[in-house]
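Novice: Here is a sequence with its predicted model. Questions after.
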Amino acid sequence: MQRDGWGDEDCSAKDKRPCTNTWRKTGTEVSGAPESLSYPGWTASRCGGVCDVDLGACYCNGTKGHIPAASDSAPGSLFSQRGRPMILGVCNPNKDDEGNPTDWAYVDPELLYGSQGWCEADEPKHHCPCVIDGVTGPTCEELTEMFCPNQCSGRGTCWFGFCRCDHGWYGHDCAQLASGHAVIEQTRLRMRPLIYIVDLPPIYNSRMLQYRIHKETCSWRGFDSGNASIITEWTYQIEPALHEMLLQSPHRTLDPESADFFYVPVYTSCFLHPVYGWADTPWFHNPGGPRVMHAATMLLEAKRWLETELPYWNRTGGRDHIWLISHDEGSCWAPAEIRSSIILSHWGRKALEHQSYTAYPDDNYNDNGVHPEWRPHGWRHIVDIEGHPCYDPDKDLIIPAFVPPARIVPSPLTGSPERERNMLLFFRGDVGLNRRPNYSRGIRQRLYALSKERGWRQKHRIWIGTKEDTLGAYPELLSSSKFCLVVPGDGWSPRAEDAMLHGCVPVVINDGVDQVFATVLNWDNFAIQIPESELDFLPEILLSVSPSRL
């Protein structure tokens, strides 16, 4: 398994990720930063200190600076001095060495490199955030554990999500014995169905963890200063969480010949944010274009690796393989070549012909990303996303979003006191005031406008609005309403989970989109589903529900 900075099967080729001020416009050579900090341009990796060119992370250049390992250091050496981080414009100098202003950073150089500065003093006057994994404390010099899948099973060293396994072990979590050793299963009883977790090349998962830079992204848990586990708030937590749950599951098998299913852990959500765009690399197929193009190509490359490197895909045409695609519009942009597999997502859109509804341009899979040099005919035909539903209820499954336990502590379902449900309906969130019209398919915007125009709050105690419109603690408001609105955002939204975990009846408005476990649960038994054509009659529909049904 490769750690950051190296590529090729034998880890012999350098694979660098330099900090830079721009994304390439032509060619495929990786470019670094300009000599002057005042030169225009910005990416999140831009650095006014020393760049760790393996990760694309910025550190101080001074007494407390980052010092890479010497050229004659032992193989695998990481650094001579870790150094203090300088991440984003909030911790980079707003002037260059000649005093010329920068247009991308905000900190007086004296606060960074002066005698009492962050990069020089033991007790600096200015402090930068310790967002990089493995460090905490006021000066980012207290060491903690880093997040790795299964913490390397106690058989390896964790480095930014990459497990450097002890001799004789290999795999994402160092759970498998290396070639030449007898294959053994763990002593605990294996349970059917047996699931084999495919050990893909690291570019599809552990390299994404290394490139994430910010420790609260691409992970569902981390460590505090005392190495106690903490839960993160990353939106797509299910991606690393499901992978780790399967690694620890009694259904896991280390013998692919005995497997009923094969789980393929490709971290597309982590790639989409924050990895893509942080620096000028990595990318898939070719640079530029909408970021969903890269994620789709990432899946296609992983599938073709399965096809050529292992015998199991070809035995069934991939029907016993499982993929998780957890981003906003689920597998709408997934390549046709993996459609035979089981796809897990949060987005149950069933239409055979579909267009992207996201309001975020870089996720719009309608954009064919034509480029005269890299993609003269675009990208959509390469992955062949035409004529395939985002979700096939005959084989796919809509799974719930990961909800951190702390969010539901105030819920009456977890032992908190029952609250009077004095609101008819509640929704707090983005109502599209500053969004493109296609955001939420226009549903949030229409409901917000109707509630204002018709006085729904005053007449019916229907609360729909932003945080400024709906003051109070979110969990307590959910627990104080009879009904809670479940509507899309840029794609899926965890509103159904929010409602049910607080004892609130979900009101689903999302035509043609199946909800969580829709092929297992009868949603009509515990939710109200309203067609988009009947938004005007929302109060009357809810008031007609008999109290005995609640």
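Specialist: Happy to help now that I have it. Residues are numbered from 1 along each chain as shown.
Novice: pLDDT score assigned to residue 27?
Specialist: We have a pLDDT of 68 for residue 27.
Novice: what does residue 140 give?
Specialist: Reported pLDDT for residue 140: 96.
Novice: And residue 73, by the same measure?
Specialist: Residue 73 is given a pLDDT of 69.
Novice: any idea how far residue 160 is from residue 217?
Specialist: Remark: distance between residue 160 and residue 217 (CB to CB, to the nearest Å) = 12 Å. In short, each C-beta sits where N, CA and C put it, glycine included.
Novice: To clarify, my last question referred to residue 504.
Specialist: 29 Å.
Novice: now swap in residue 290 and tell me
Specialist: 20 Å.
Novice: do the same with residue 460
Specialist: Distance from residue 460 to residue 217, by CB to CB: 40 Å.
Novice: the helices in the stretch 51-200 of the chain, which residues?
Specialist: Per DSSP state H, counting those that start in this stretch, the stretch 51-200 of the chain carries helices over the ranges 109-113.
Novice: In it, where is pLDDT below threshold?
Specialist: Counting by pLDDT under 70, the stretch 51-200 of the chain shows low-confidence ranges at 73-76, 180-188.
Novice: which residues are contacting the longest helix along the chain?
Specialist: Ranked by residue count and defined by DSSP state H, the top helix of the chain is helix 291-309. Here helix 291-309 makes contact (CB atoms under 8 Å, 6 or more residues apart in numbering) with 198, 200-201, 204, 264, 266, 268, 271-272, 276-277, 283-285, 312-314, 318, 321, 323, 325, 327, 333-335, 337-338, 362-365, 369, 379, 382-383, 385.
Novice: how about stretch 474-493: buried residues?
Specialist: 474-475, 477-493 (16 or more other CB atoms under 10 Å).
Novice: Among the residues you listed, which are located in strands?
Specialist: 481-486 (DSSP state E).
Novice: I'd like those residues as JSON lines, with distance to residue 82 appended.
Specialist: Shown next, in JSON lines, are those (distance: CB to CB, whole Å):
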{"residue": "481", "distance to residue 82": "49"}
{"residue": "482", "distance to residue 82": "54"}
{"residue": "483", "distance to residue 82": "52"}
{"residue": "484", "distance to residue 82": "46"}
{"residue": "485", "distance to residue 82": "47"}
{"residue": "486", "distance to residue 82": "46"}
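Novice: ok, which pair from these is furthest apart?
Specialist: For those, the farthest-apart pair by CB to CB is 482 and 486; their separation is 14.0 Å.
Novice: quick one: the strands in the stretch 251-400 of the chain?
Specialist: For the stretch 251-400 of the chain, the strands defined by DSSP state E, counting those that start in this stretch cover 261-264, 321-324, 342-345, 348-349, 397-398.
Novice: Starting from the last one, tell me which strands it pairs with and how they run.
Specialist: In the sheet containing strand 397-398, its partner strands are strand 342-345 (parallel), by DSSP bridges.
Novice: ditto for the fourth one
Specialist: Take DSSP bridges as the rule and strand 348-349 pairs in its sheet with strand 513-514 (antiparallel).
Novice: and the strand it pairs with, average pLDDT?
Specialist: On average, strand 513-514 scores 98.
Novice: helix or strand right after that strand?
Specialist: strand 528-529 (DSSP states H and E).
Novice: Check what contacts that next one and list those residues.
Specialist: In contact with strand 528-529 (CB under 8 Å, 6+ apart) are residues 483, 505-509, 523, 541-542, 545.
Novice: In strands only, show me those residues.
Specialist: 483, 505-508.
Novice: Angles on the backbone of the closest residue to residue 332 other than its chain neighbours, please.
Specialist: Nearest residue to residue 332 in three dimensions, chain neighbours excluded: residue 390, at 4.0 Å (CB to CB, 6 or more residues apart in numbering). With angles defined as degrees, to the nearest 10, residue 390 sits at phi -70, psi -20.
Novice: burial count for residue 390?
Specialist: 26 (other CB atoms under 10 Å).
Novice: roughly how far out does stretch 276-284 sit from the chain middle?
Specialist: 15 Å (CA atoms, centre = their mean, to the nearest Å).
Novice: May I have it exported as CSV, CA atoms only?
Specialist: Provided in CSV are the C-alpha atoms of stretch 276-284 (Å, rounded to 0.1, in the frame of the first residue of the first chain):
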residue,chain,number,x,y,z
TYR,A,276,-10.9,18.1,-5.4
GLY,A,277,-9.9,21.7,-5.9
TRP,A,278,-7.7,22.0,-2.8
ALA,A,279,-4.7,21.8,-5.0
ASP,A,280,-4.2,21.1,-8.7
THR,A,281,-4.2,17.4,-8.1
PRO,A,282,-5.6,14.7,-8.0
TRP,A,283,-7.9,14.4,-10.9
PHE,A,284,-9.3,11.5,-12.9
